Structure formats: C-alpha cells, structure tokens
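Sequence below, structure please.
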Amino acid sequence: MKMGEGGKDFVAAGMIGAHPLNILIVDDELNIRKTLTVYLETEGHHVVAVSNFQDAVHETSRRSFDLAFVDLRLGTADGLDLIPTLLAQTPWIKIVVITAYASIDTAVEAMRRGATDYIPKPFTPAQVKLAVHKVFEMQALEQRLASLQEDLGRLNPEADFSTTSPAMQRVIHLARQVAATDATLLLRGESGTGKTVLARAIHQWSPRANKPICVVSCPAFSPELLESELFGHVKGAFTGAVRDNPGRISTCEGGTLLLDEIGDLPANLQPKLLRFLQDKEYERVGDYTTRKADVRIIAATNRDLDKAVKEGRFREDLFYRLNVIQIAIPPMRERPEDITILAERLLAFFGRARHYTFLGFTPEALQALRQYQWPGNLRELRNVVERAAILCQTDRVGNECLPENLLPSDSGARLGDLVSLEKIEEEHIRRVLATTKSLQEAADVLGVDQATLWRRRKKYGI
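Just a heads-up that it's a prediction; the model follows:
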C-alpha cells in the first residue's frame, strides 16, 4: 500500500542502514508525519517531525540533521524556499522533496536549489528505503573522499603503529581500548611525537569512524577567530563575517574533534568549552540560539597542564573534564628500539614517492640515527629521512646524506666549540627547522620574521 492511501503496512518493509541517521520530516499532513516517523524509528534512526516552515528552521538551528524529507506544500509556505534555508544551517544535509503535485518543472527547481532526491506522493516503503540508502551511499563516498584527500600517502608509515617498544605498546593498547568509548581523551607528549596521528587512529578505531574528524590547532588562531572556528558565527557577527559559518563542532557532528595544543586555549574560551563538554551545548558567535551536538573531544598538548592549573592559566575544572583518560606518548629517545624500523619504513615510503627502491641505510648511517637524541621526535625523523631520500644517489643511504648535527660530534658545531658564530647559527636554524611544523613556527622560535629566516636559509643552503 502506498503512503497517502492510509499508510498501513508501511513499517513492515525492512530497511537495513549502515548507521542511524538524524532525520527531519517537514510535512503538514499529520498521517504522513506519524507513519514516516514510526517507519524510520523502527529502522533505528533518530527522527524529528514538524508541520511547518518555522518549526523546521527552529529545529535545524538547534541540532544537525543528515537527511530531511520536505513537503513542497507547507500550508501557505513553499517547501522550495525551505531548501536553501536548511542548507545554510547544515551544508551537508541531504534533502528529499516529497509532494503530491509532482511535475518535471518542480523536480528541476528542487534540484537546482539543492535537493538531492525527489519522491512523488503517494510513495511506497521501497521508495523511502531507496532514498535513505542513497544518503548512506553519498555519506560513504564523501567520507571516503575526505579520507583520501587528508591521507594521500595511504601507506604513510607514521600511521603504522607496529612497535617493539614496551612503552609504546602500552600506549597503543590503551588507545584501542578507549577508542570504542565516547570518553574525552587527553593526549600528552612532546612536539612531534605523533599525537595528531594517534588521535586520527583512535577515531578510525571507534564507532564514529564513518563520521568526520576535525583538527583545530588552538595557537593557530586569535582568541576571536578561534571562538568562531570552534562554535561558528552568523553573518554580521563581526567585521568580515560576510556569511554564516557553522563552526567545526557542527561540521563534525557525530564524529570527533581534536583540539591540538589545548594548553594554548584562551582563558575566555575555557568556560565555553567546559560547558560543551558537560552539556554538549553551545552558541554561535552573534547568535543566542542554543545548539546541541554529538561530538567526541580529544585534546592534545605538549605543555605541563598541571603547572598551568597551579599558575591559574588553565581552569582546574576544565582540566579534570579533559583528563578523563590520559595517554602519554613517549618521546623517540625513550623508544630507541623503534628508530631503525621507523627510519627504514619512512625511507621505503619516500622511495615509492620517487619511484625508486632503496635497500636501506649503511651500518654507519643506522648507528648515527640510533645514537641521536631526536629532540624533534617522529617529525624530525621524518624530515631527516625525506631529505636523505632526496639527496641519496645510490641504493643505500650513507652518512653523507644525513644532516651534520646527526653525525659524530667532530662533524657538527656545538655551543662552546671553536667555530664561528655563523656555524653555530646555521646549526641552530637547521635544528629548529627540523623540529617545527612550519616556517612561521620556526621564525617565531628563532625570534625573526619569515623574510629573515628565508634569507638565512638561502645563505646556508638549508
């Protein structure tokens, strides 16, 4: 029996979905709202049903939806006008238009405004099932595309957590244990130890894997822009806000948000983040509408948050909320047994990028790698091996392809050595560049602007 002809037996038609969707139904016919709601909820989806334009806008301002069934005739309002409004609130929502007044013109116009599918009334359970299935397929493709774009190096060895280090084995075991939960995590470790890589792995090991993961670096934004980046803003909220921005929390609905370098979170945002952790509620900048979001928070830091709390720079209650489960990643110098295997894996990776097969490192080069303390940790190791893969002209990487600071002490300059200031400066710049994420960060550490750093690099051939 078709819907619109009584709705009987509608819930009898089974529909298998990969995961529950958040679905909005907008239809002024009570029978259709009820029957469609029962059917979709029976399939495990979360459904909100409303009868008019205004209620639909109100619901989408409070929460995020994956799919909306929208009737074209909503009393005196036109459902076509609702389509761009819903998309402005939630850009990734999929909209299925349903109407008893089907025509080619209305179908074309609905698609032009952003609808993804079109079902004429009366429709069958099979048509609804197919519409939902299409949404699953589109979400899977979008997520797959995002994953490929973020990880073009699909064999990137940094994401391979094979390790012979007992300390690192304990880290991976704990990470896999907590991945299946929604617990807030605090990842601690020195710069370059792989906190972001581990956070992405935890997301992929979790039930949220088919939802987005967003990364926000707290020190990368001013306090004002960071609030907008996290919570979003409405058009006109501040100078330059020429359009609505849903914010990262809304963007990764159902997924995971990594707050990198949480120790740099400005004081004025700390109570707002605390509120979100406690109640899952927030407001966009310039908007008083309270919104809710289902987002798992993972925080990462290379700072001593305990000290920051004692000094009053970080809220104690926020620290305890973030520190539900703490995972401390050991630095490279505490896992020397992994250096050889990581270096060889990285060399093979960069060799593939050059369409070249390396046979490995010479014994002397391996000894130099193992004896070095790696202040920049995994990031520095990656940079060193990438440099070696570019410079090496044979099938084995030798000492001649390694930076001077990795070689025996008589080959490099150290403080107190009888060498020129220029040599000390060159060594220092090399080390800072190897342990920072960007030229801007390196320039900040060195206390110079990027133009000055560029000239120094050119001078020393770095």
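
just checking, Leu257 is part of a strand?
Yes. Leu257: assigned to a strand according to DSSP: H, G, I helix; E, B strand; the rest coil.

Show me what it bridges to in the sheet.
Each beta-bridge partner of Leu257 is listed here, defined by DSSP bridges: Cys214, Ile297.

Please give me every residue in contact with it.
If a contact means CB atoms under 8 Å, 6 or more residues apart in numbering, then Leu257 has Ile213, Cys214, Val216, Arg248, Ile249, Val295, Arg296, Ile297, Ile298 as its contacts. All C-beta atoms are positioned from the backbone trio N, CA, C, and that covers glycine.

How much space separates it from Cys218?
From Leu257 across to Cys218, the span is 12 Å (CB to CB, to the nearest Å).

still on that earlier bit, from the contacts of Leu257, list the buried ones, please.
Buried by 16 or more other CB atoms under 10 Å: Ile213, Cys214, Val216, Arg248, Ile249, Val295, Arg296, Ile297, Ile298, out of the contacts of Leu257.

Could you export these as TSV, including distance to Glu425 and pLDDT?
Below are the buried ones among the contacts of Leu257 laid out as TSV (distance: CB to CB, whole Å; pLDDT from 0 to 100):
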residue	distance to Glu425	pLDDT
Ile213	40	91
Cys214	39	92
Val216	34	93
Arg248	39	92
Ile249	44	93
Val295	45	95
Arg296	45	96
Ile297	41	96
Ile298	38	97
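
And for Arg112, the neighbour number?
With neighbours defined by other CB atoms under 10 Å, the count for Arg112 comes to 10.

Turn the contacts of Leu257 into JSON lines, including distance to Tyr118.
Formatted as JSON lines, the entries for the contacts of Leu257 read as follows, by distance: CB to CB, whole Å:
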{"residue": "Ile213", "distance to Tyr118": "32"}
{"residue": "Cys214", "distance to Tyr118": "32"}
{"residue": "Val216", "distance to Tyr118": "37"}
{"residue": "Arg248", "distance to Tyr118": "32"}
{"residue": "Ile249", "distance to Tyr118": "32"}
{"residue": "Val295", "distance to Tyr118": "32"}
{"residue": "Arg296", "distance to Tyr118": "35"}
{"residue": "Ile297", "distance to Tyr118": "38"}
{"residue": "Ile298", "distance to Tyr118": "40"}
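
Between these, which sits nearest Phe319?
Taking CB to CB as the measure, Ile297 is the one of the contacts of Leu257 closest to Phe319, at 13.1 Å.

ok, the closest one - contacts?
By CB under 8 Å, 6+ apart, the contact list for Ile297 reads Thr184, Leu185, Thr256, Leu257, Leu259, Phe276, Leu277, Leu322.

can you pull the contacts of the residue nearest to the second one when sequence neighbours are not counted?
This points to Leu185. Of all residues not flanking Leu185 in the chain, Ile298 sits nearest, at 4.6 Å (CB to CB, 6 or more residues apart in numbering). Residues touching Ile298, when contacts are defined by CB under 8 Å, 6+ apart, comprise Thr184, Leu185, Leu186, Leu187, Ala199, Ile202, His203, Thr256, Leu257, Leu258, Leu259.

closest to Gln270 among those?
Distance to Gln270, by CB to CB, is smallest for Leu259 among these, at 11.3 Å.

okay but that closest one is in contact with Ala299, surely?
Yes. Applying CB atoms under 8 Å as the test, Leu259 and Ala299 come out as touching, 4.7 Å apart.

of those two, who's got more company?
When neighbours are counted by other CB under 10 Å, Ala299 comes out ahead of the other of Leu259 and Ala299, with 29 against 24.

Next, the more buried one: secondary structure please.
Three-state assignment for Ala299 (three-state DSSP): strand.

got it, and Leu24?
strand.

hang on, the earlier thing: report the two of the contacts of Ile298 separated the most.
Looking at these by CB to CB, the two members farthest from one another are Leu186 and His203, with 15.3 Å of separation.

Break down the stretch 1-150 of the chain into its strands, ranges please.
In the stretch 1-150 of the chain, the strands defined using DSSP state E, counting those that start in this stretch lie at 22-26, 46-50, 67-71, 73-74, 77-78, 94-99, 117-120.

quick one: the longest one to strand 67-71, angle?
Think strand 94-99. Put simply, strand 94-99 runs at 20 degrees to strand 67-71, going by axes from the mean of the first three to the mean of the last three CA atoms, to 10 degrees.

Strand 94-99 pairs with which strands, and in what direction?
Partner strands for strand 94-99, per DSSP bridges, with pairing direction: strand 67-71 (parallel), strand 117-120 (parallel).

can you put these in JSON lines and add mean pLDDT and mean neighbour count?
Formatted as JSON lines, these follow (pLDDT from 0 to 100; neighbours: other CB atoms under 10 Å):
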{"stretch": "strand 67-71", "mean pLDDT": "91", "mean neighbour count": "24"}
{"stretch": "strand 117-120", "mean pLDDT": "84", "mean neighbour count": "18"}
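
Which one of these lies nearest to Leu174?
Across these, the minimum distance to Leu174, taken as CB to CB, is reached by strand 67-71, at 36.1 Å.

Low-confidence stretches in the stretch 351-462 of the chain?
Counting by pLDDT under 70, the stretch 351-462 of the chain has low-confidence residues at 408-418, 435, 437.

That one: strands as residue ranges?
360-361, 396-397.

Can you give me every residue that contacts Leu80?
Listed by CB under 8 Å, 6+ apart, the contact partners of Leu80 are Leu72, Thr106, Glu109, Ala110, Arg113.

if you set the cut-off to 10 Å instead, what comes out?
Leu80 is in contact with Val70, Leu72, Leu74, Val97, Thr99, Thr106, Glu109, Ala110, Arg112, Arg113, Gly114, Ala115, counting by CB atoms under 10 Å, 6 or more residues apart in numbering.

Filter the residues you listed down to the buried ones.
For those, burial is judged from neighbour counts taken by 16+ other CB under 10 Å, and it is met by Val70, Leu72, Leu74, Val97, Thr99, Thr106, Ala110, Arg113, Gly114, Ala115.

How much space separates the first one from Arg33?
In other words, Val70. 12 Å.

now the second one
Using CB to CB, Leu72 is found at 15 Å from Arg33.

go on, the third one?
Counting by CB to CB, the gap between Leu74 and Arg33 amounts to 12 Å.

what is in contact with those two at once?
Residues touching both Leu74 and Arg33 by CB under 10 Å, 6+ apart: Val26, Asp27, Val50, Ser51.

will you turn the residues you listed into CSV that also has neighbour count?
CSV is the format used below for those (neighbours: other CB atoms under 10 Å):
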residue, neighbour count
Val26, 27
Asp27, 25
Val50, 19
Ser51, 17
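
Among those residues, which one sits closest to Leu269?
The nearest member of the shared contacts of Leu74 and Arg33 to Leu269, counting by CB to CB, is Val50 at 33.2 Å.

could you pull out the helices for the stretch 251-400 of the chain?
With DSSP state H, counting those that start in this stretch, the ranges of helices along the stretch 251-400 of the chain come out as 270-279, 305-310, 316-322, 339-353, 363-371, 377-391.
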